[in-house]
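Predicted model and sequence below, questions to follow.
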Protein chains: 2
Amino acid sequence: MALIVQKYGGSSVGTTDKIRAVAKRIVERKEKGDGVVVVVSAMGKTTDQLIGMAKEISQNPNKRELDMLMSTGEQISIALLSMALQELGYPSISLTGFQAGITTEGAHTKNRIKDINIENVKKHLEDGKVVIVAGFQGINEDGDITTLGRGGSDTSAVALAAKLNCTCEIYTDVDGIYNVDPRMYPNAKKLDSISYEEMMEMASLGAGVMEARAVEIACKYNIPIYVALNNGEKLGTYIKEYDETMEDRIITGLTASDDVLMVTINNVPYKAKNIATIFDRIAKHNVNIDMISQTASLDGYVNVSFTTSKEDMYTIDEITKELKKEIRTIEVYKEENITKISVVGIGMMKQSGVAAKVFCIFSNNDIEFKQVTTSEISISYTIDSKDKQKAVAALAKELNL
Amino acid sequence: MALIVQKYGGSSVGTTDKIRAVAKRIVERKEKGDGVVVVVSAMGKTTDQLIGMAKEISQNPNKRELDMLMSTGEQISIALLSMALQELGYPSISLTGFQAGITTEGAHTKNRIKDINIENVKKHLEDGKVVIVAGFQGINEDGDITTLGRGGSDTSAVALAAKLNCTCEIYTDVDGIYNVDPRMYPNAKKLDSISYEEMMEMASLGAGVMEARAVEIACKYNIPIYVALNNGEKLGTYIKEYDETMEDRIITGLTASDDVLMVTINNVPYKAKNIATIFDRIAKHNVNIDMISQTASLDGYVNVSFTTSKEDMYTIDEITKELKKEIRTIEVYKEENITKISVVGIGMMKQSGVAAKVFCIFSNNDIEFKQVTTSEISISYTIDSKDKQKAVAALAKELNL
């Protein structure tokens, strides 16, 4: 029996009519004789609505309880999808993250999958059932319900595919991976295929289609991911091992992310211990930071800037309060109107000069950048958000995207 | 440390504002030094909305999946209530039925609590936390999420109180137990106390305030239940062992239930085996039936009538289909406009003549009844629903309720 894992995102199951349509698509696959595992997200805006209720009660709700709350969104969709399949006459069973054997580790709302005990899923597959698993969730060793963070359903799907050693199909409301987000740049081109490494970079740099963590797991277990429109009408994009068909591209994609909070800490007494204290405290609160820059000042003090996600705003405030007790001289500023622009391509490993070219394009278009970071296959710049459209258009045009 | 179990119903937690108000009430109790376990229902009409979505997908949704779906309602309220308590500075933890150790047995959507492994609840109480448990739900031995049927949160609360050997307070939108539903009879009187036995009868006969199953558990473990308004402003009603303060009442209460489906099966060939087949089939589908009557006919056929709950309508249709294959002569009719009127009182055990008096009242008021059943402490009559108001008013007046 061939196996397939399909994942349907929130917009694909936004209404009961859409859930019925998804059930029909699953039946088409089932009729080909394949064993089907389906991972679903919460219906439409359910997760946002749940978070909205939590915010009515607390500006900074307890994260264990937030996980308890948010995990209900997927539980609703799996139950309804299973009912829809049975209404079409196909045996099926819905499983919460816990029932599907998904154990997690890490901090609440940002858990990682630790392992999947796949036995229960396999048992139901062997019974001929379509197995419908709640994405985005698991259970930790304390028996608490946990979530994997935004986009975590992709991770659930790919991790299940890895355990079952089969392809993972991600059905969503976009018809594949584009070299630039078409909402920002209408002439963007859809890619037939993209390597795991490039997709990981693009995902972590803000391309919303796939989560980096999910691609990382697919890469590790060499599980192909196919991203396509949820009605199956157009050919989508394969995310897979780098091969010769991709070799002639220097730059595969361009991303722009507005989810950037730039934090600047001024007047830090210039001692290594102080800088260590700052970043140690940030790490202890499970805040991921991205670009870091430090400027020396003349009088024995330094200024440190770093970027993080806007969702960590309140945690940053807590950290700041703690730090001010220990390093009394510091002043902290937060800037929200920051965009991170990145160019990604494995071809950049072999060909230099991309960074220089981008500097040149920025200069010709009067765009100032604040920070720059590079990896082997990407270069990222933070700029003022007001320059975003101009920067995307100029880069996409000059780099032939 | 004194312990208390409090239960707040759906209308008490219908909005985030109401949830915050409940959190304040819990804090008042906590401040007295008591250990508090709280059981909550789903917010307002959540359960109905979830069932509505299920019905959009299937007229007769799979019951395992319906349990999976409905259990999310309580999971949302426990998470939000725990956030609200922590926002007030009080440590708390929310637990699903499964996490609270509540195991169940029986059929999906109609489970019974099998046992509660109270260790996890006790551990968190010892840590000084308010423990917030999802009512209405548990987990069966297959690891499936189960629900206890409508009103099951009362059962969850009383069962937890039984395990912790403490009083159970049920806070709701009515201020206690009345001898007649005040919406039907404005002159109804609130009872200071009522015996377990009377309350069980009244609950199973349709008084909506408490579920019979919950009172049964309280009776078995001799746990007092206190039913009161959720804002604590008025004195409520104690449900407890029968004592001398209750002895001078012959009739304690009058109930009227519209949740009656009367099923009549005509033309059953008169053999004991046929009647056995009918009721055996009903039992196998976990449909509870109430009043049964049988009328002989002249030509070797009999007609059988019984009443059940309207929620079993679709299951009855399935049973009917099966039965028609085996007993081909039968014709099945369903009647929905039926009301069951009951009078309840332990005093009836010592004093006879209540049935005769009711017959007389019905006759004087031109009310026809269809079926009668009696227990040691109650008499019930089914009547046409159009006569309900007239019957309630006449009985309440003539019996001095």
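Structure received.

buried stuff in stretch A:271-282?
Going by neighbour count (16 or more other CB atoms under 10 Å in any protein chain shown), the buried part of stretch A:271-282 is A:274-275, A:277-278, A:281-282. From N, CA and C alone the C-beta is placed, and that goes for glycine too.

show me what contacts the closest residue in space to residue A:120 that isn't next to it in sequence?
Closest residue in space to residue A:120, ignoring its immediate chain neighbours: residue A:101 at 5.5 Å, by CB to CB, 6 or more residues apart in numbering or on different chains. Applying CB atoms under 8 Å, 6 or more residues apart in numbering or on different chains to residue A:101 gives the contacts A:116-121.

residue furthest from the geometric center of chain A?
Within chain A, the residue lying farthest from the chain centre (CA atoms, centre = their mean) is residue A:299, at 41.8 Å.

in a helix, that's where that one is, yeah?
No - according to DSSP: H, G, I helix; E, B strand; the rest coil, residue A:299 belongs to no helix; its state is coil.

Only whichever of the contacts of residue A:101 are buried, select them in PyMOL.
To isolate the buried members of those in PyMOL, using 16+ other CB under 10 Å:
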select buried, chain A and resi 116+118+120+121
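
Excluding residues flanking it in the chain, which one is nearest whichever residue of the stretch 201-350 of chain A sits closest to chain B?
Going by CB to the nearest CB, chain B is nearest to residue A:314 of the stretch 201-350 of chain A, at 13.3 Å. Leaving aside its sequence neighbours, residue A:314 sits nearest to residue A:60 (CB to CB, 6+ apart; 4.6 Å).

Which positions in the helix or strand containing the residue of the stretch 201-350 of chain A closest to chain B come out as buried?
Taking DSSP states H and E as the criterion, residue A:314 maps to helix A:313-326. Within helix A:313-326, the residues scored as buried using 16+ other CB under 10 Å are A:315-316, A:319-320, A:323.

after it comes which helix or strand?
By DSSP H and E, the next helix or strand past helix A:313-326 is strand A:331-335.

Quick check: neighbours of that following strand in the sheet, parallel or antiparallel?
Here strand A:331-335 is paired, per DSSP bridges, with strand A:261-269 (antiparallel).

What mean pLDDT does the partner strand get?
The pLDDT scores in strand A:261-269 average 92.

residue contacts, the residue lying closest to residue A:40 once chain neighbours are set aside?
Computed as CB to CB, 6+ apart, the closest residue to residue A:40 that is not its neighbour in sequence is residue A:77, at 4.5 Å. Taking CB under 8 Å, 6+ apart, we find residue A:77 in contact with A:13, A:19, A:40-43, A:46, A:134.

Among those, which one sits closest to chain B?
For the contacts of residue A:77, the residue nearest chain B by CB to the nearest CB is residue A:19; the value is 6.6 Å.

quick one: what helix or strand has that closest one in it?
Going by DSSP H and E, residue A:19 is part of helix A:16-31.

nearest spatial neighbour of the residue of the stretch 101-250 of chain A found nearest chain B, skipping sequence neighbours?
Nearest residue of the stretch 101-250 of chain A to chain B: residue A:143, at 5.9 Å (CB to the nearest CB). In this structure, residue A:143 finds its nearest non-sequential neighbour in residue B:99, 5.9 Å apart by CB to CB, 6+ apart.

Next, count neighbours for the one you found.
23 (other CB atoms under 10 Å in any protein chain shown).

That one reaches residue B:120, doesn't it?
Yes - between residue B:99 and residue B:120 there is a contact at 6.4 Å, judged by CB atoms under 8 Å.

Pull up the overlap in contacts between those two.
residue A:143.

Rank the helices and strands of chain A by mean pLDDT and give me the bottom one.
When each helix and strand of chain A is scored by mean pLDDT, DSSP states H and E, strand A:289-296 comes last, with a mean of 82.

List the pairing partners of it within its sheet, with orientation.
Applying DSSP bridges, strand A:289-296 is found paired with strand A:301-308 (antiparallel).

Just the angle for the longest helix anywhere in chain A relative to helix A:16-31, thanks.
In chain A, assigned by DSSP state H, the helix with the most residues is helix A:63-87. Angle, helix A:63-87 to helix A:16-31, by axes from the mean of the first three to the mean of the last three CA atoms, to 10 degrees: 60 degrees.

quick check, the following helix or strand past helix A:63-87 touching chain B?
Per DSSP H and E, helix A:63-87 leads on to strand A:92-95 as the next helix or strand towards the C-terminus. Yes - if you take CB under 8 Å from any CB of the partner chain as the test, strand A:92-95 does meet chain B, through A:93-94.

From what I see, residue A:146 and residue A:104 are in contact.
Yes - between residue A:146 and residue A:104 there is a contact under CB under 8 Å: 4.5 Å.

More neighbours: which of those two?
Between residue A:146 and residue A:104, counting by other CB under 10 Å, residue A:146 is the more crowded of the two (33 against 25).

Could you tell me which residues of the stretch 151-300 of chain A lie near chain B?
So the stretch 151-300 of chain A never meets chain B (CB under 8 Å from any CB).

All set, thanks.
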